[in-house]
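> build me a structure from this.
(2 chains)
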2 protein chains.
Amino acid sequence: MTWLAVVPDNGFGLANLPFGSFSPAGGGRRLGVAIGDDILDLAGVAGAAGSDLVELVAAPVLNPLLTAGHQAWTAARTAIREWLTDPDAATMVGPHLHPRSSATMHLPFEVGDYVDFYASEHHAANVGRIFRPGAEPLTPNWRHMPIGYHGRAGSIVVSGTDIRRPRGQRQLHPDAGPELGPSVKLDIEAEIGFVVGGSSQVGEPVPVQEFAHRVFGAFILNDWSARDIQAWEYVPLGPFLGKSFATSISPWVVPLEALQAARISPPPRHPEPLDYLRDPDDRGLDIELAVHLNGYCVSRPPFREMYWTAAQQLAHLTVNGAPARPADIYASGTVSGPEPDSWGSLLELTHDGRAPVALPDGTRRGYLADGDVVSISAWAPATDGTRLSFGRVDGRIVPAR
Amino acid sequence: MTWLAVVPDNGFGLANLPFGSFSPAGGGRRLGVAIGDDILDLAGVAGAAGSDLVELVAAPVLNPLLTAGHQAWTAARTAIREWLTDPDAATMVGPHLHPRSSATMHLPFEVGDYVDFYASEHHAANVGRIFRPGAEPLTPNWRHMPIGYHGRAGSIVVSGTDIRRPRGQRQLHPDAGPELGPSVKLDIEAEIGFVVGGSSQVGEPVPVQEFAHRVFGAFILNDWSARDIQAWEYVPLGPFLGKSFATSISPWVVPLEALQAARISPPPRHPEPLDYLRDPDDRGLDIELAVHLNGYCVSRPPFREMYWTAAQQLAHLTVNGAPARPADIYASGTVSGPEPDSWGSLLELTHDGRAPVALPDGTRRGYLADGDVVSISAWAPATDGTRLSFGRVDGRIVPAR
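From the prediction side, this is the model:
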């Protein structure tokens, strides 16, 4: 137990301790760890405690700690837990706690490269049916490898940032030429992201077994997507401007160490993956997402259904010798389960807008309207028997220029 | 004229003055400008001259200068030119010159995002015929927009870095499943890259007319490509591991200001591009590339043939509100002309390996063999009537792990 009055089941107990970058009311930007309704100022408490950790948390972003590697991550978590549980430390720690409710959150790291995967079989099949009607929903390679592509790191924004409706080329009528204008099919993709740390030899692949040594933690990611721009541009080189206008992430990075109780077996894979993608351990994660549109829950995507695990994704990403640098991130792809109420995009939920979702306030949505607010939250089992929260990633649509 | 003894037509005269990051023999890494057979140490000379420029060139990478914007670029170029031409400055400048031949070159900037375009009609049509036989070579969108995708910024290396043959999934026989192994179709793509600087409002597109204010300079880029890995993975989300193992760039960034005499009209475009891609000025560039394989010239790709200009590419890249940050880079895509001896990839030059190139030493190459050395050079008309050199991007293939 901590000496702090943590509200039971608020999801930010001692078993979670996610990292983020915040500014307390009236104060400058710094690193912190969420505990209950508060944020612990890491540089402040490490300085007061005379801890070596202070060097790694002096910057207002996680990059130095990510670079330091997994032993440093464990040491940091152990120290933070001790500060929060040792009653004798309360006087030292107290001044470095700030209320979460009045803090401003920032991006937790300076992003290196950003890769987005496509790892839900349900999502890939649903999208295949919509974008390539009449063809096999899954491409021939899909069950052999985690398909992915590089996204725009510079477009990654923290939860709460307004999302401007993008303009772009789209073909409004199948037989007409393209026009430039605001996207009329603005969508979300509910995903889980992972951030890399530590280092390996240049050109040395990261085996699936090394996952816990090379991935610091996880967060929620909303891969905003302009389906009309995407559909017109994506053959032959993949998604580009249909995605690159904005990608939102939640401000709290849940350490991988906090997700031990969430580990589950992923769905069976057929055919058996190639050796470099085989994983004798179970590295699926039982994370429950919830997608809210204007306050109403429209889907509950289950991360446990993902065909390819984050460990397999990192092994694939690096098998060709590509470097995985500290603060490189990658995301799961849209999380969709087998049932319609578990699909992670409006493309799927509304059959490309043809079957709008009816919200309890009487409004209907095919795709997003200006002013709409999307909020994605996520929870997972914690090691103390409670559930831990990933917090939320929120975004409001503002009109195109 | 400079007071230095610049070898006539060595391509690094006063009309060029490209920027790079170098270590002189026995010295630390720093920024420099190439002049003749020498490199001028920028922080050293700016410090000796008491110039304000010193703040922007104190780091060993171009990022601060890129961030400072186009007025700072012009001021820097003016100051450097004065130092190199004023006979009274010779005593001050002399100690800050280092021979190019004994310097070690580094990446000139810390890369932000990296986008690779596909802007040669000849290349796109050649590839379409090979990858999608029987279909229209150009996809329906190709003449309406510069098609591109994001590549892996962390894999960008400076000229001279050995290139390890990548391993990856590829389908060796059309009816068999994939296998993991070293690429058997390792290729090059001869391209010109551009580096962005300055800043604009977040979400504000960069019009084609703003090109010269937002692009600092150009360099040569070799987009190493594993065609077998690429062919198996690229549907539906585009190239990924077939490209992400390595991308080499030349060490010298030729300022856009030095390319004024290289401006030409690009080929006629049909249909007329949409308004945001129309450019009343001529922003094609007459850059001649040469591809050498093991010392023998195998192709002379003409950049003047590119269908989409770099100005159009930047306008397209940002039309959806995506930010263009300092040290974001983008590349032209393979430069291929209409004639076979002007194609910029072995995929095209050898018809996917079926018609190997015969080298004068009696060897033949379908794709690259271990030990092969590829060198791409480039030249353009300079404002003083000479030709300026981009230098070279070199790489040697080392065997797969």
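> could you report the pLDDT at the closest residue to residue A:358 other than its chain neighbours?
Leaving out its chain neighbours, the residue that sits closest to residue A:358 by Cβ to Cβ, 6 or more residues apart in numbering or on different chains is residue A:364, at 5.2 Å. In short, each C-beta sits where N, CA and C put it, glycine included. Per-residue pLDDT puts residue A:364 at 98.
> got the phi/psi numbers for residue A:364?
phi -130, psi 150 (degrees, to the nearest 10).
> shouldn't it be in contact with residue A:357?
Yes. Assessed by Cβ atoms under 8 Å, residue A:364 is found in contact with residue A:357 at 6.6 Å.
> out of those two, which sits in the more crowded spot?
When neighbours are counted by other Cβ atoms under 10 Å in any protein chain shown, residue A:364 and residue A:357 differ, and residue A:357 comes out ahead with 15 against 11.
> measure the more buried one to chain B for me?
Using Cβ to the nearest Cβ, to the nearest Å, residue A:357 is found at 25 Å from chain B.
> how about the nearest residue to that residue, chain neighbours excluded?
Residue A:357's closest residue in space is residue A:365 (Cβ to Cβ, 6+ apart), at 5.2 Å.
> what's the answer for residue A:288, then?
residue A:379 (5.2 Å).
> for that neighbour, helix, strand, or coil?
What DSSP: H, G, I helix; E, B strand; the rest coil gives for residue A:379 is strand.
> residue contacts, it?
Residues near residue A:379 by Cβ atoms under 8 Å, 6 or more residues apart in numbering or on different chains: A:11, A:287, A:288, A:387, A:388, A:389, A:390.
> mind listing which of the residues you listed are in strands?
By the criterion of DSSP state E, membership of the contacts of residue A:379 in strands covers A:288, A:387, A:388, A:389, A:390.
> any of the residues you listed buried? List them.
Among the ones in strands among the contacts of residue A:379, those classed as buried by 16 or more other Cβ atoms under 10 Å in any protein chain shown are A:288, A:387, A:388, A:389, A:390.
> contacts only, for the last one.
Think residue A:390. By Cβ under 8 Å, 6+ apart, the neighbours of residue A:390 are A:18, A:218, A:219, A:220, A:250, A:252, A:254, A:287, A:377, A:378, A:379, A:380.
> next, count neighbours for the spatially closest residue to it that is not a sequence neighbour.
With sequence-adjacent residues excluded and distances taken as Cβ to Cβ, 6+ apart, residue A:390 is closest to residue A:378, at 3.9 Å. Using other Cβ under 10 Å, residue A:378 is surrounded by 26 other residues.
> quick check, residue A:378 in contact with residue A:221.
No. With contact defined as Cβ under 8 Å, residue A:378 does not reach residue A:221; the gap is 10.1 Å.
> what residues do those two have in common as contacts?
Listed as contacting both residue A:378 and residue A:221 by Cβ under 8 Å, 6+ apart are A:192, A:250.
> right, and residue A:320 touches residue B:226 too?
Yes. Contact criterion Cβ under 8 Å: residue A:320 and residue B:226 qualify, at 7.3 Å.
> residue A:254 should be in a helix, yeah?
No. Residue A:254 is assigned strand when assessed by three-state DSSP, not a helix.
> how far away is it from residue A:59?
For residue A:254, the distance to residue A:59 equals 20 Å [Cβ to Cβ, to the nearest Å].
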